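Participant: Structure here, sequence nowhere to be found:
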Ligand code: PLP
């Protein structure tokens, strides 16, 4: 359904400024920004509501506020803009009588993409503000879907809270790191020492920290496509160049080793694997992992392994830590409690440096420095690591036959494959599925447009494949954490959507 508020306001601002659609395109281009003809026409018709940078650009060109354009209740009505010639003379926001220069976001963020919480999500939030009920299949956050932290973990954090008021050692509490070390031993990661274990505010913080510690401007890092986009974003932010190797859907989404090797240059410093994988749910076999280790060995690359889903494996598949196969190489292994213990909000993750520590000596100094600079990770969260990693693992109840994650995975997999024009590989782990759309059948050329159309027509929120640095507009990710009733309703609506959808 067209968004009339936005379209009405856009047209009135254009009229006030004496600007036509073609003028908007020209004015944008004069500022070095790209606005396409069909993009502008979709905004003017209210078919698409731009978010983020695109909305800010329109507002800027028209001399109005983005919030007002979006119809946000609290946004003040702007003073009528004068002719568009004046829009080229930069207006500055004023507060009282003080005229302030404009504060723009850093240009370092220019090529950073994080669509898991991007423009389509903003549009869903706006629709919710207008009273719409959105079916959210977009974010891997178990708590809102009724997955609870194990009682023992919550109890233990409560008991220890008063002991966690101070900073800890910057790497983390002794007991937490000891438990992580023992966990690493059970995963056959060789020669792990307490001093090479770092706790973090989630794996997220440690990805960013380790990329900043390693990367020089221009260094290349091999990252899977599709990826968990934080990796690409952090490499970019650290001044590096992410180079994506293909994971092959026709081969159970395993990394294409030939493609990986082909993309190595003299600037390549490291390779990243995400195993088990988000967004595909793949789990790599020993053979594939040995192949990756061999490539890293041949080209002297560091290995970064994001294994946050290592305790969410289904169907009896085995998870092998790549570090266990590479005792002679520099390895960094990441995991945490967000997913296995359904405590994303507590923010507790860790990284383990192993293998060839001698060649990482200077990198370790960098990691220590950055780790010291952030003082320490959340101490109450660290206090539950020992409890969480020891003893009974309640997550196993979810992933065995009859368990919620297992049954929901089976249902979504079958329901998706039953839709004409959709095919998908069965995930082996985690709680994501990455289906393929027949782009010819649906005439899809733009996956963000597809995500917006699905949102507007069926009020279903998914994440487009491009959000995972996937190069074609032919995939999207579903998170199958919502309860079965919600999944059934969503999949029925999705089937109905694809029965009629043709992208215009
Ligand atoms: N790595 C992957 C592959 C993920 O999917 C996620 C979250 O979805 C993270 C890291 C971030 O985890 P954390 O909550 O520990 O920051």
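Facilitator: Happy to help now that I have it. It should be emphasised that the depicted structure is a prediction, and the values quoted were computed from it without experimental measurement. Numbers count the residues shown, from 1 in each chain.

Participant: pLDDT below threshold where in this protein?
Facilitator: When residues are selected by pLDDT under 70, those of the chain lie in 1-4, 73-97, 115-117.

Participant: neighbours around the residue lying closest to residue 66 once chain neighbours are set aside, how many?
Facilitator: Distance criterion Cβ to Cβ, 6 or more residues apart in numbering; nearest residue to residue 66, sequence neighbours excluded, is residue 59 at 4.0 Å. From N, CA and C alone the C-beta is placed, and that goes for glycine too. Close neighbours of residue 59, defined as other Cβ atoms under 10 Å, add up to 21.

Participant: How about the contacts made by residue 59?
Facilitator: With contact taken as Cβ atoms under 8 Å, 6 or more residues apart in numbering, residue 59 is in contact with 65, 66, 68, 69.

Participant: all helices for the stretch 51-200 of the chain, in order.
Facilitator: Remark: helices assigned in the stretch 51-200 of the chain by DSSP state H, counting those that start in this stretch are 52-62, 66-69, 119-129, 151-160, 174-186.

Participant: And the third one, what's buried?
Facilitator: This points to helix 119-129. With burial defined by 16 or more other Cβ atoms under 10 Å, the residues of helix 119-129 counted as buried are 119, 120, 121, 122, 123, 124, 126, 127.

Participant: cool, the longest one as well?
Facilitator: Under the neighbour-count criterion of 16+ other Cβ under 10 Å, helix 174-186 has 176, 177, 178, 179, 180, 181, 183, 184 buried.

Participant: Is the first one in contact with residue 199, as I believe?
Facilitator: Read it as residue 176. Yes. Taking Cβ atoms under 8 Å as the definition, residue 176 is a contact partner of residue 199 at 5.8 Å.

Participant: between these two, what contacts are shared?
Facilitator: Common neighbours of residue 176 and residue 199, counting by Cβ under 8 Å, 6+ apart, are 350, 382, 385.

Participant: What is the burial count for the second one?
Facilitator: Looking back up the chat, that one is residue 382. The burial count assigned to residue 382 is 30, neighbours taken as other Cβ under 10 Å.

Participant: Spit out the contact partners of it.
Facilitator: Neighbours of residue 382 in contact, by Cβ under 8 Å, 6+ apart: 164, 168, 172, 173, 176, 199, 348.

Participant: quick check: longest helix of this structure.
Facilitator: Ranked by number of residues, the top helix in the chain under DSSP state H is helix 484-500.

Participant: Show me what it packs onto, helices and strands only.
Facilitator: Judged by 3 or more Cβ pairs under 8 Å, 6 or more residues apart in numbering; DSSP states H and E, helix 484-500 is in contact with strand 135-136, helix 404-417, helix 447-458, strand 460-461.

Participant: So which of these is the most surrounded?
Facilitator: Among the helices and strands packed on helix 484-500, strand 460-461 has the highest mean neighbour count (mean count of other Cβ atoms under 10 Å), at a mean of 22.

Participant: What distance do you get for the closest residue to residue 348 other than its chain neighbours to residue 201?
Facilitator: Leaving out its chain neighbours, the residue that sits closest to residue 348 by Cβ to Cβ, 6+ apart is residue 381, at 3.9 Å. Per Cβ to Cβ, to the nearest Å, residue 381 is found 8 Å from residue 201.

Participant: Of the two, which one has the most company?
Facilitator: Taking neighbours as other Cβ under 10 Å, residue 381 and residue 201 compare with residue 381 leading, 25 against 18.

Participant: continuing past the strand or helix carrying the more buried one, what's the next helix or strand?
Facilitator: Using DSSP states H and E, the element containing residue 381 is helix 379-382. Proceeding N to C from helix 379-382, the next assigned helix or strand is helix 385-389, under DSSP H and E.

Participant: what helices or strands is that next one leaning on?
Facilitator: Judged by 3+ Cβ pairs under 8 Å, 6+ apart, the packing partners of helix 385-389 are helix 151-160, helix 174-186.

Participant: Please settle this for me: is residue 375 part of a strand?
Facilitator: No. Residue 375: not assigned to a strand; according to DSSP: H, G, I helix; E, B strand; the rest coil it is coil.

Participant: Is it in contact with residue 166, as I believe?
Facilitator: No. Judged on Cβ under 8 Å, residue 375 makes no contact with residue 166 at a distance of 10.3 Å.

Participant: buried sites along stretch 369-377?
Facilitator: Those would be 370, 371, 376, 377, for stretch 369-377 by 16+ other Cβ under 10 Å.

Participant: Can you pull the phi/psi pair for the last one?
Facilitator: In this entry, residue 377 is assigned phi and psi values of phi -90, psi 170 (degrees, to the nearest 10).

Participant: And residue 223, by the same measure?
Facilitator: Dihedral angles (degrees, to the nearest 10) for residue 223: phi -130, psi 140.

Participant: Contacts only, for it.
Facilitator: With contacts defined as Cβ under 8 Å, 6+ apart, residue 223 is in contact with 231, 232, 235, 242, 243, 244, 245, 271, 272, 469.
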